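*Asks:* got a structure for you, letters missing:
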């Protein structure tokens, strides 16, 4: 009887060999898994709980670690270490983890939300105080602030400061963190807050400009330039923009105002003073801030006595630094004597006769005691005269003289270019001042 060739059976047929083969395969898989390093720069691989339990072997049967294992291989957990508490030991170098951070930053925009540590401090109490002045040497701090202050007009500084104060009050009202620069969500809510209060578009835009100016001083990215902020301001303009309701003071009304000053002013000198002020504001198309002062303004800002020359045939006025001439190049205007402006020539010549020679100010318009005429006094006396004439004081403001002069010139047929030159307008903005339908005689 022929004996067939014996075929070797699978090692798994015998229990002893099966266990040995399983252990050998497990050790081989574990070693292979450990020495494989993913070439892509990702977050370092950490063994899971499943891996730890799978590799947990009693001390009596644990195989000795292979001498061929690379340096990056983490040692197997000891028998005394619990599978739930065993720490993941990694000897990877920082060079391997740095690319992973870069990839995360590129894929997640929130990583860039704070490039540097944000200073937890509110906006500066003064507009021109730098939020971070650590790089400025102490001997030059005052010089830096002086240069910055000279770059912005005094009126602009005041308006910007009001915007900072308004934003600070808003954050206190709603218990918001005083982070600087302010987060974008605070700006969004602040714009909505201004809109709900009925703030005009012009005021809201100016307040945001003050915030933007101060943020840029600190060399921070300006959140006011975000798309959502610009769109909200655009919507603000569409919904909250109000038409300028100021009425023009034309020549016939100017004559009535000057004639009525005797019933309002305390004495003859005061009548001459305000008659000259209102006449200059009209015939020279001056802004009130160019001929009056405020408490914060330096004495040399308004029109000075040295810059006014009066003769029988003309009045020469030289303006220094103005709203449209921040560099102080100077503008000279000449008012020639005509039949219409004789009221100005008569009052201003009489004023110069009685004006005190020794005064505490060089300002052209001043009181008998030498103190300068202020913006507040200009407006208050105007309100009293308008009330005496039984006119609506809410529609006539100090700028009504400039508006009325432009309207009167237009109604007389004066060429537009000549009106622009007389009023020192560099654009066609003067057309918004021409209001023949709002004339009050």
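*Replies:* Yep, that arrived. Predicted, not measured: the structure shown is a model, and the values here were computed from it.
*Asks:* from now on I want contacts and neighbour counts done on CA atoms only, so please keep to that.
*Replies:* Will do.
*Asks:* any idea how far residue 334 is from residue 272?
*Replies:* 21 Å (C-alpha to C-alpha, to the nearest Å).
*Asks:* more crowded one of these two?
*Replies:* residue 272 (23 against 14; other C-alpha atoms under 10 Å).
*Asks:* I'd say that one and residue 346 touch.
*Replies:* No: at 9.5 Å, residue 272 and residue 346 do not qualify as touching, with contact defined as C-alpha atoms under 8 Å.
*Asks:* pLDDT score for residue 247?
*Replies:* Residue 247 carries a pLDDT value of 88.
*Asks:* which SS state does it fall under?
*Replies:* coil (DSSP: H, G, I helix; E, B strand; the rest coil).
*Asks:* start the count at 382, not 1, going forward
*Replies:* Shifting the count to begin at 382 puts that one at residue 628.
*Asks:* what about it, distance to residue 621?
*Replies:* From residue 628 across to residue 621, the span is 21 Å (C-alpha to C-alpha).
*Asks:* those two: which is more packed in?
*Replies:* Using other C-alpha under 10 Å, the more surrounded residue of residue 628 and residue 621 is residue 628, with 24 against 17.
*Asks:* isn't that one up against residue 775?
*Replies:* No: contact criterion C-alpha under 8 Å: residue 628 and residue 775 do not qualify, at 9.2 Å.
*Asks:* and the next helix or strand past the helix or strand of the chain with the lowest mean pLDDT?
*Replies:* Lowest by mean pLDDT, DSSP states H and E among the helices and strands of the chain is helix 475-488, with a mean of 38. Counting by DSSP states H and E, the element after helix 475-488 in chain order, helix or strand, is helix 522-531.
*Asks:* what's that following helix packed up against?
*Replies:* Using 3 or more C-alpha pairs under 8 Å, 6 or more residues apart in numbering; DSSP states H and E as the contact test, no helix or strand touches helix 522-531.
*Asks:* next, the buried residues of the helix or strand following it.
*Replies:* As assigned by DSSP H and E, the chain's next helix or strand after helix 522-531 is helix 535-554. For helix 535-554, burial by neighbour count (16 or more other C-alpha atoms under 10 Å) applies to 535, 538, 540-546, 548-549, 551-552.
*Asks:* okay, those residues in TSV with pLDDT next?
*Replies:* Converted to TSV, those look like this (pLDDT from 0 to 100):
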residue	pLDDT
535	76
538	86
540	89
541	92
542	93
543	93
544	94
545	94
546	95
548	96
549	95
551	96
552	96
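*Asks:* buried set for stretch 595-614?
*Replies:* Neighbour counts using 16+ other C-alpha under 10 Å place 595, 596, 598, 599, 603, 604, 605, 610, 614 of stretch 595-614 among the buried residues.
*Asks:* and it, end to end?
*Replies:* 19 Å.
*Asks:* could you give the average pLDDT over that stretch?
*Replies:* Stretch 595-614 comes out at a mean pLDDT of 92.
*Asks:* and the helices in this protein?
*Replies:* 396-416, 430-436, 475-488, 522-531, 535-554, 565-577, 582-598, 608-621, 632-641, 649-664, 723-735, 756-769, 781-792, 797-804 (DSSP state H).
*Asks:* make a markdown table from these and add distance to residue 698 to it.
*Replies:* Converted to a markdown table, these look like this (distance: least, C-alpha to C-alpha, whole Å):
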| stretch | distance to residue 698 |
| --- | --- |
| helix 396-416 | 90 |
| helix 430-436 | 89 |
| helix 475-488 | 62 |
| helix 522-531 | 24 |
| helix 535-554 | 22 |
| helix 565-577 | 41 |
| helix 582-598 | 31 |
| helix 608-621 | 38 |
| helix 632-641 | 20 |
| helix 649-664 | 10 |
| helix 723-735 | 13 |
| helix 756-769 | 19 |
| helix 781-792 | 16 |
| helix 797-804 | 12 |
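*Asks:* what's the least confident stretch among these?
*Replies:* Among these, helix 475-488 scores lowest, with a mean of 38.
*Asks:* ok, back up a step: which pair in the buried residues of stretch 595-614 spans the largest distance?
*Replies:* 599 and 614 (23.6 Å; C-alpha to C-alpha).
*Asks:* could you give me the buried positions within stretch 578-588?
*Replies:* 581, 582, 585, 586, 587, 588.
*Asks:* between these, which sits nearest residue 735?
*Replies:* Of all these, residue 735 sits closest to residue 587, with 42.3 Å by C-alpha to C-alpha.
*Asks:* who's in contact with that closest one?
*Replies:* By C-alpha atoms under 8 Å, 6 or more residues apart in numbering, the contact set of residue 587 is 540, 541, 544.
*Asks:* what sits against the residue nearest to residue 590 when sequence neighbours are not counted?
*Replies:* Using C-alpha to C-alpha, 6 or more residues apart in numbering and skipping the chain neighbours, the partner closest in space to residue 590 is residue 541 (7.1 Å). Taking C-alpha under 8 Å, 6+ apart, we find residue 541 in contact with 508, 587, 588, 590, 591, 592.
*Asks:* one more time with 10 Å, if that's ok
*Replies:* 507-508, 535, 547, 587-595 (C-alpha atoms under 10 Å, 6 or more residues apart in numbering).
*Asks:* most widely separated two among these?
*Replies:* Spatial extent of the contacts of residue 541 (C-alpha to C-alpha) is set by the pair 535 and 547 at 18.5 Å.
*Asks:* buried stuff in stretch 566-580?
*Replies:* 567, 568, 571, 572, 575, 576.
*Asks:* now do stretch 664-680
*Replies:* 664-675, 680.
*Asks:* again, but for stretch 805-815
*Replies:* 805, 811, 814, 815.
*Asks:* other residues contacting that stretch?
*Replies:* So stretch 805-815 is in contact with 625, 627-629, 666-667, 705-706, 712, 714, 780-781, 783-792, 797-801, 804, going by C-alpha under 10 Å, 6+ apart.
*Asks:* I'd say residue 614 and residue 580 touch.
*Replies:* No: Residue 614 is beyond contact range of residue 580, at 12.0 Å (criterion: C-alpha atoms under 10 Å).
*Asks:* identify the contacts common to those two.
*Replies:* Joint contacts of residue 614 and residue 580 (C-alpha under 10 Å, 6+ apart) are 572, 621.
*Asks:* need the contact list for the residue lying closest to residue 639 once chain neighbours are set aside.
*Replies:* Spatial nearest neighbour of residue 639, excluding adjacent residues (C-alpha to C-alpha, 6+ apart): residue 656 at 5.6 Å. By C-alpha under 10 Å, 6+ apart, residue 656 lies in contact with 635-636, 638-643, 650, 662, 724-725, 727-729, 732.
*Asks:* filter these down to just the buried residues.
*Replies:* 635-636, 638-639, 641-643, 650, 662, 724-725, 728-729, 732.
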